[in-house]
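**Q** Could you work out the structure for the sequence below:
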Amino acid sequence: MNSLPRIVITMGDPAGIGPEVIVKALCDDELRRSAQFLIVGNYEVFAQARKIAQVNLPLVKVAGFEDPSFQLDNLNILDAVDTDFRKLALGNPSPESGKAAAHAIEIATKMVLKKEADALVTAPISKQALKMAGIPYAGHTEFLSALCKVTETRMMLICDELRVVHATGHMSLRDAINALTVERIVRTVELSLPAMYWLGFEKPKIAVAALNPHAGEGGMFGDEDECIVRPAVEQLQARGLEIFGPIPADSVFWRARNGEFDLVVALYHDQGHIPVKVLAFDRGVNVTVGLPIIRTSPDHGVAFDIAWQNKARAASMKAALNLAVQMARRRTVQ
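**A** Sure, this is the predicted structure:
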């Protein structure tokens, strides 16, 4: 068992679907025995989630991966988050749930930074609940960046058919266009390369999506592709990377899906999200690149509207756990 990757899982917002999808995902025997999984959260929350989800696996409090009580066929929980299940506003954001979610993130992240675990998988949190709890971060990425002491990260979405990294993230389309520079695109690729290696791509084939229709059509539809995207691609090609672009966005994802490219660089949020969501709405995984640790998460939110009703599906959480295992194995042998 000691040779298996050690994966810590944060419980997410306890008023949302995080606890439910975690226990459901870990019901998969093959997944559960592929690694050592440790939930960081609150015992009573998971006892209730186990009951709601009708999961029969034993829920066992452990002090860590080395605890003799830790067994692959248990739901192993580090009962480190102090919250009263009876006081949680299930299905709604609250200061209590925001504080609990943040505490789990802090504990689990520090475990990976201290090399007490090999990868981190985060269940969904509520930005509103974080704010209500006075947590000074807009979401997971900002919180993890602060804990890991890094200033630059990017979002990579992964499904069986596609891998897409975003040069810009949560901002208006106008702001995203204004934020695009040669340096930002180059840095996006640089930050992505370690994750691609951990995913099994030693020399990834990378495509950069065009910003404008038909990649600008020779300047008829804007000059950003020639003035920003192409110079970034040429700079990376000069370093020996197999990278192409700008490639019109209406064809680049189809070409990647058919195996021509291993990674697509999307220039703004929806350009990258739409193809992944269309192909794998409930199977997508979010990977934060640029962190010194492996972090994956399901590509969905807290879903307060269906929380604690045994309606949530665990496919994306299972995919996030499987991907964390895969990446941890490759990073360990490098």
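
**Q** Just the endpoints, please. Distance across stretch 110-129?
**A** 22 Å (Cα to Cα, to the nearest Å).

**Q** So which bits of it are buried?
**A** Buried residues in stretch 110-129, counted by 16 or more other Cβ atoms under 10 Å: 111-113, 117-129. Where C-beta positions appear, they are placed from N, C-alpha and C, glycine not excepted.

**Q** How about the contacts made by Ile135?
**A** Residues touching Ile135, when contacts are defined by Cβ atoms under 8 Å, 6 or more residues apart in numbering, comprise 98-99, 102, 143.

**Q** Kindly report the same for Val150.
**A** Contact analysis of Val150 by Cβ under 8 Å, 6+ apart lists 290-292.

**Q** Which of the helices or strands spans it?
**A** Val150 belongs to no helix or strand when assigned by DSSP states H and E.

**Q** quick one: it and Ala195, what's the gap?
**A** In this structure, Val150 and Ala195 are 14 Å apart, going by Cβ to Cβ, to the nearest Å.

**Q** same check, this time on Ala117
**A** Taking Cβ to Cβ as the criterion, Ala117 is separated from Ala195 by 18 Å.

**Q** what do you get for Asp118?
**A** In terms of Cβ to Cβ, Asp118 sits 14 Å off from Ala195.

**Q** Could I get the full set of helices for the stretch 101-250 of the chain?
**A** For the stretch 101-250 of the chain, applying DSSP state H, counting those that start in this stretch gives helices covering 127-132, 140-148, 173-179, 182-198, 224, 230-237, 249-257.

**Q** Save those helices as JSON lines, and put in distance to Leu38 too.
**A** Converted to JSON lines, these look like this (distance: least, Cβ to Cβ, whole Å):
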{"stretch": "helix 127-132", "distance to Leu38": "23"}
{"stretch": "helix 140-148", "distance to Leu38": "18"}
{"stretch": "helix 173-179", "distance to Leu38": "37"}
{"stretch": "helix 182-198", "distance to Leu38": "20"}
{"stretch": "helix 224", "distance to Leu38": "46"}
{"stretch": "helix 230-237", "distance to Leu38": "38"}
{"stretch": "helix 249-257", "distance to Leu38": "35"}
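
**Q** could the ones you listed be laid out in a markdown table, adding mean pLDDT and distance to Ser94?
**A** A markdown table is the format used below for those (pLDDT from 0 to 100; distance: least, Cβ to Cβ, whole Å):
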| stretch | mean pLDDT | distance to Ser94 |
| --- | --- | --- |
| helix 127-132 | 94 | 6 |
| helix 140-148 | 92 | 18 |
| helix 173-179 | 95 | 31 |
| helix 182-198 | 97 | 34 |
| helix 224 | 93 | 43 |
| helix 230-237 | 98 | 44 |
| helix 249-257 | 97 | 39 |
